[in-house]
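**Student:** What would the 3D arrangement of this be:
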Amino acid sequence: MTRPSTRNKNKRQRQDDTEDILSEISRNIHANGEISESDIYKLYRISKKVCEGCRTNLKDSPNCFCGIIPAPNGVRKIGLWQKMSEIISSLGPNPCKDLRSSTSTPAGLTNLGATCYANSILQCLYMNTSFRSGIFTLDIDLLSKHPVLYQLSRLFAQLHSSTHAFIDSDPFIETLELDNGVQQDSHEFLTLFLSLLERSLVLSKSSESRNMIQDLFRGRVSHVTRCSVCGRDSEASSKLEDFYELELNIKGLSDLSMSLEEYLSVEELHGENQYFCESCGLRIDATRSIKLRELPSVLNFQLKRYVFLPKSNTKKKITSKFSFPRILDMSQSMTDPSDSALIYDLSAILIHKGTAANSGHYIAHIKDENTGQWWEFDDEHVSKLGFHPFGEPSKSSEKSVSNEEIRCKEVTNISNGAKKCNTRLSSSEKLALSCGEIFSSSDAYMLMYNRKTIEGDSNIIRKNSDPADIDIGSTLPIHLFKEIHELNASYAKSCEEYQQKKDVCVSHITERRKEVRLILSEAPVHSLEDPYFWVSTEWLRQWADNIEPSVIDNSKIQCTHGSVPFQNIPFMKRVSGTAWHKLLSKYGGGPALSNENQCIECIKEGAKNAICVGDYRDRRVLMCQLAREALTGNHLDDNNLYYVSKSWLIQWLRRKNVDFPCEADASPTASLRCSHGGLLPEQASGAKRVIVTENLWLFYCESANTVKPDDAFGCLPFPANSIPCEECSKELTEVTCHEDNLRSLKLIQREEHDKLISGKSLVLELGCKYFLVPSSWLAKWKAYVTTTGKNISSSAEPENLGELVDSLKCKKHSCLLERPSEVICKRGIITQKSSENGLTLIPNKDWELFCKEWTITIEKGISAEIHFADDISCKVDEAKDESETRTLIIKTNPEICEVCIGEQESCELIRKLNYRNEDIRVFLVTSKEAPKSLLEASWTNSKPDRRISKRSRRLGKGNSVSLNVSCSTTIYQLKMMIWENFGVVKENQQLHKGSMEIEDDIATLADKSIFPGDILWVKDSGFYDNRDIADELSEGKNGSNKTEEGFRGSLLASD
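**Tutor:** Numbering: from 1, shown residues only. Sure, this is the predicted structure:
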């Protein structure tokens, strides 16, 4: 069974076939003067079949409706058939996406630019139920006097009961007068914020509110200094000092127990640090330590991850991992251990992401005290972590030690710097501690522990708990309840309005798509007897594409007679009466153009034009034959002959498929007409002409007058016996005479200076007299003299040699301002190096000829002789044998002015070093030594006259980069560019230009004589560890030597 052929499926009819059919119909109509119904069907292409499945809409078929709308599952970028999700997005942001599912799910806080440090601390404070309850119990009078307390309570109320998924923190941040564009330290913020709250709560009428900060966060320590001889403590040792967090060192320490041990360790005071004991009456050895006297309910540990680097005056972050337990027993760490164990439960972890101290991002992992669930607070985004502070251990990058590993370890406590066994703990407590987990993090910045109590059931993890929505009326004060209720109602209303608007939009789009598909399915006319209407294709497309279409507009397919011309078939479609009446009744407009509105007048006029087109084509074919014969010189012995431009005639013949005269047919003799109105001589530029017959000329005139009837000079006739313009002929003769004289003069100069023009190197002799001329002038003179033929007068004559020689002498010293090019000796032959600049040696004979040609005296020239640098008086015969081993110099008269040349070179060096946005190339060398080719290439670009060796020219790009720099670019900035491209930290970069190492980061490229186009190379020493370039850029942006402002200017820094 053969496979059916699909090659001709939906194949369009050839355009030539369609034109032939229309041409035949037009000729019949023009000949008979009658228009049949069959002619109308063919002209309007009504009889074309209704096609289906075309790739694109067919313009030549009014019955094709393919491609007006996309395929059933297709979409378009804009309009009605756009993706529904994109249409809905045009309604604006969906407030329902920010809807909080339940008040049991914590809400986030907006980041106003760089306020993540404040957001993370505020979330830690809010999730502490004791602190949150204390804020909610503050009386209205106190809130009215302290805007910070009011905004904090308002913020906590929204976090507690707002239906919004994240809360705007701007009112609170603005009240604190914080700069929301500056990143701050979260620990410093917490310390200053608690101090501000403590001062603000002093005026509270309630003692619980007044002491809320102290009761929750304040602990006490004493700094004990003890004499090693008498064993007595100093008087200051009995003083208690308050603390709100313990600042622990982590550098070189791996876990919390080691940091606490180091914090409580005993320091020996010896030598210059000896303590003056009042009991002993003299300076003596002693010990000093910190003793924990009281611990708060909320114990905060500040991990000192930032260390100061005095050398660079910057701070560096310690990114080593640090371990800490879920359950912490502090009873043995106290100076006066109590009978009851001080057990603390990990409640929050503040995390700093990033490797730079002055940048990065703060987030918080906090445990819900009611459910035991951990949550990640990342500004607006809040994620559930489960019952593990870093999520599931298998999925989290922060790993915890397994229970099996913990059980194998002895659980120890810290007591004033010494390890002791848990002798005071009961067996159940020991088991609880031994089964606890230990977590590890390289970014943990602050740890918060809540103290467990006997009735601390709130800290027990209830995995099966499923809390319902909190009744906000029973937990919030009445003034906050009303405000939150109004905010929630407003937000619910906006969500409802958006949903209604979305439903209306989706319904409207769906109905419109159904309407378009239905009408287009009814649009095809299947029978020739059925009534139909013409519709503009442009309007039909915009109706099918636009969500809100305009009224029907058929004016563009109407002719001047108010009907439908057949020439507009590509711009209109034939639709059924049913489809038309549906469109007209809904959208209005018009006019209605039915099957009775075919324009007979346009058909007759089109038939007439088609005949004209055919006649013009036939005539043009005949004229093309005559034009080709004219180009070959065959004029058919016609008596009346005319000139036309040869270039115009060739272009006219090249045009194909021309139906009517166009603008290119105008002006067949315009290029032959001179400025005086006559015929240009044929020798003039662009005046080449061809003789054509009278019939061809009349055809050209007719075509030109049709296109430009008002152009009197474009088709000016020039019979073949026309005499060229006398004035133009005279001018042309003078030019020709001048060129002949110039040609003769150049020929004489080429013959006299044959050796100089040949381009061969001049063989020089010691002690012989030569003359110096500028190399650039000599090159221009050679180009001028060797230019011949038609372009003999086109080359510019070089400047006057006498004036140029005078300009080479300084006015101050009357000495030479330029150095001649170097001379070299190879195999006993002395020659001068070729150079585009500088001065070139020429023989005495050529100089004398130049003096005659340029009318200058011989003495005016710059003479020169070649000698040895160490013995100018050496005999010539003796010197020839030693010329290759001794240095040759050129002695000039006048002498070279070293003073003026030095000044010029200094100015030129300054000019070259004053550049902007130029490129240099830097190679990364990974081998032990830099290639010799690289060392050569590093210097040759700075000296444009120096010839580059083949090895240097073969130097490929390889592992290299082109950098855009300026003269003011510093070496530090250049190293940062290299770091960004090659990943080599700036401290490891050994940057070179040639064999010279480039150092001093504050120096500029101009200071180091680095020019545009120079080639540098760099090696990686590998001495320092790799780090992220973003850290360096961040520190550079913030200014490494800039004094930190901190919270200066905000309420946190006020007394």
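**Student:** And the strands in the stretch 251-400 of the chain?
**Tutor:** Ranges of strands within the stretch 251-400 of the chain are 267-269, 275-277, 282-284, 286-294, 298-304, 306-309, 314-317, 322-325, 327-329, 343-353, 361-367, 374-378, 381-386, 400-401, based on DSSP state E, counting those that start in this stretch.
**Student:** no, scratch that, I was asking about the stretch 701-850 of the chain
**Tutor:** Using DSSP E, counting those that start in this stretch, the strands of the stretch 701-850 of the chain run over residues 770-774, 823-826, 829-832, 839-843.
**Student:** For stretch 66-74, what is the distance to the chain centroid?
**Tutor:** How far stretch 66-74 lies from its chain's middle: 37 Å, per Cα atoms, centre = their mean, to the nearest Å.
**Student:** Looking at the strands of the stretch 701-850 of the chain, which one is packed in the most?
**Tutor:** Counting by mean count of other Cβ atoms under 10 Å, strand 770-774 has the highest mean neighbour count of these, with a mean of 23. No exception for glycine: its C-beta is placed from N, CA and C like everyone else's.
**Student:** Adjacent strands (with direction) for it?
**Tutor:** Note on strand 770-774: by DSSP bridges, its sheet partners are strand 839-843 (antiparallel), strand 862-868 (antiparallel).
**Student:** Format the strands of the stretch 251-400 of the chain as JSON lines; extra columns: mean pLDDT.
**Tutor:** Supplementary listing: the strands of the stretch 251-400 of the chain in JSON lines, determined by pLDDT from 0 to 100:
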{"stretch": "strand 267-269", "mean pLDDT": "85"}
{"stretch": "strand 275-277", "mean pLDDT": "83"}
{"stretch": "strand 282-284", "mean pLDDT": "84"}
{"stretch": "strand 286-294", "mean pLDDT": "87"}
{"stretch": "strand 298-304", "mean pLDDT": "92"}
{"stretch": "strand 306-309", "mean pLDDT": "78"}
{"stretch": "strand 314-317", "mean pLDDT": "77"}
{"stretch": "strand 322-325", "mean pLDDT": "93"}
{"stretch": "strand 327-329", "mean pLDDT": "90"}
{"stretch": "strand 343-353", "mean pLDDT": "93"}
{"stretch": "strand 361-367", "mean pLDDT": "94"}
{"stretch": "strand 374-378", "mean pLDDT": "94"}
{"stretch": "strand 381-386", "mean pLDDT": "91"}
{"stretch": "strand 400-401", "mean pLDDT": "40"}
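**Student:** which stretch among those strands comes nearest residue 898?
**Tutor:** Nearest to residue 898, of all the strands of the stretch 251-400 of the chain, is strand 314-317, at 50.4 Å by Cβ to Cβ.
**Student:** in stretch 365-376, what counts as buried?
**Tutor:** If you call a residue buried by 16 or more other Cβ atoms under 10 Å, then stretch 365-376 has these buried ones: 365, 366, 367, 368, 369, 371, 372, 373, 374, 375, 376.
**Student:** Widest-spaced pair of these?
**Tutor:** Using Cβ to Cβ, the pair of the buried residues of stretch 365-376 lying farthest apart is 369 and 376, separated by 16.5 Å.
**Student:** Let me see the ranges of the helices in the stretch 951-1055 of the chain.
**Tutor:** 971-982, 1029-1038 (DSSP state H, counting those that start in this stretch).
**Student:** Which of these comes out lowest on mean pLDDT?
**Tutor:** Confidence, taken as mean pLDDT, is least for helix 1029-1038 of these (a mean of 54).
**Student:** picking up where we left off before, out of the strands paired with strand 770-774, the one nearest residue 251 is which?
**Tutor:** Closest among the strands paired with strand 770-774, using Cβ to Cβ: strand 839-843, at 69.9 Å.
**Student:** Now the closest one: average pLDDT?
**Tutor:** What strand 839-843 shows for mean pLDDT is 90.
**Student:** would you put the C-alpha positions of that strand in PDB?
**Tutor:** Extracted C-alpha coordinates of strand 839-843, given in PDB (Å, rounded to 0.1, in the frame of the first residue of the first chain):
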ATOM      1  CA  LEU A 839      65.000  61.300   9.400                       C
ATOM      2  CA  THR A 840      66.300  59.300   6.400                       C
ATOM      3  CA  LEU A 841      69.800  59.500   4.800                       C
ATOM      4  CA  ILE A 842      69.900  60.300   1.100                       C
ATOM      5  CA  PRO A 843      72.900  60.600  -1.200                       C
END
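**Student:** got a list of contacts for that strand?
**Tutor:** Here strand 839-843 makes contact (Cβ atoms under 8 Å, 6 or more residues apart in numbering) with 755-756, 762, 764, 770-775, 778, 808, 818-821, 823, 832, 862, 864, 890.
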